[in-house]
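K.L.:
Have a look; sequence and predicted model below, questions after that.
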Amino acid sequence: MTFRSKETLETWLEDFRASREAGDLIRVIIQDGSDGSDTGLVIVPVKHSSVSIFMQPIQVGEAQWKVTLEPIDENTELNSHQLHSLASELAVAAELCSFLEARSVGHDEQSDAQVDDSASIENV
């Protein structure tokens, strides 16, 4: 069964940051899959709102990702500058979701791990 580990997602996030110079506060946390696998969960913090944004593959092995906006218990009041900032943060989250989907197409975590193991053995 293919998945994206925390390590893989952190590497992809580094690539995203390098190519766009955005997303410094975005992080990856461990999310245990139903079979105990480390599937990784991407957290996108939002400065001017108490809403939480996270993204993950629709299901293990899928290239398509979903973004979840967790509900908030309070109203968020913003001035025009804060609203522009929020819009920018949401745009970065959308770009990251597209980036992760593109990287997920044809990705096989198990095959990549085997290639890494082979390279390590050859270097010994």
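P.N.:
Structure's in. What do you need?
K.L.:
When you work out contacts or count neighbours from here on, use the C-alpha atoms and nothing else.
P.N.:
Noted.
K.L.:
Distance-wise, check residue 94 relative to residue 62.
P.N.:
18 Å (CA to CA, to the nearest Å).
K.L.:
So which of the two has more stuff around it?
P.N.:
residue 62 (17 against 14; other CA atoms under 10 Å).
K.L.:
where exactly do the strands run in this protein?
P.N.:
27-29, 41-44, 52-57, 65-70 (DSSP state E).
K.L.:
which outside residues touch the second one?
P.N.:
Contacting residues not belonging to strand 41-44 are listed as 6, 9, 25-31, 52-56, 93 [CA atoms under 8 Å, 6 or more residues apart in numbering].
K.L.:
next one: the third one
P.N.:
Counting by CA under 8 Å, 6+ apart, strand 52-57 makes contact with 40-46, 63-71, 97, all of which sit outside it.
K.L.:
any idea of the angle that strand forms with strand 65-70?
P.N.:
With axes from the mean of the first three to the mean of the last three CA atoms, to 10 degrees as the basis, strand 52-57 and strand 65-70 are set at 160 degrees to each other.
K.L.:
Offset the numbering so it begins at 25, please.
P.N.:
Will do, 25 is the new start, and the previous item becomes strand 76-81.
K.L.:
Can you tell me the strand partners of strand 76-81 and which way each runs?
P.N.:
If you go by DSSP bridges, strand 76-81 pairs up with strand 65-68 (antiparallel), strand 89-94 (antiparallel).
K.L.:
list the buried ones in the last one?
P.N.:
Of the residues in strand 89-94, those scored as buried under the neighbour-count criterion (16 or more other CA atoms under 10 Å) are 89, 91.
K.L.:
And the contacts of stretch 99-116?
P.N.:
Contacts for stretch 99-116 (CA under 8 Å, 6+ apart): 46-47, 70-74.
K.L.:
farthest-separated two in these?
P.N.:
The span of these, defined through CA to CA, is set by 46 and 74 at 20.4 Å.
K.L.:
residue boundaries of the helices in this protein?
P.N.:
30-44, 104-128, 133-146 (DSSP state H).
K.L.:
can you list those in TSV and add mean pLDDT?
P.N.:
Below are those laid out as TSV (pLDDT from 0 to 100):
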stretch	mean pLDDT
helix 30-44	92
helix 104-128	93
helix 133-146	53
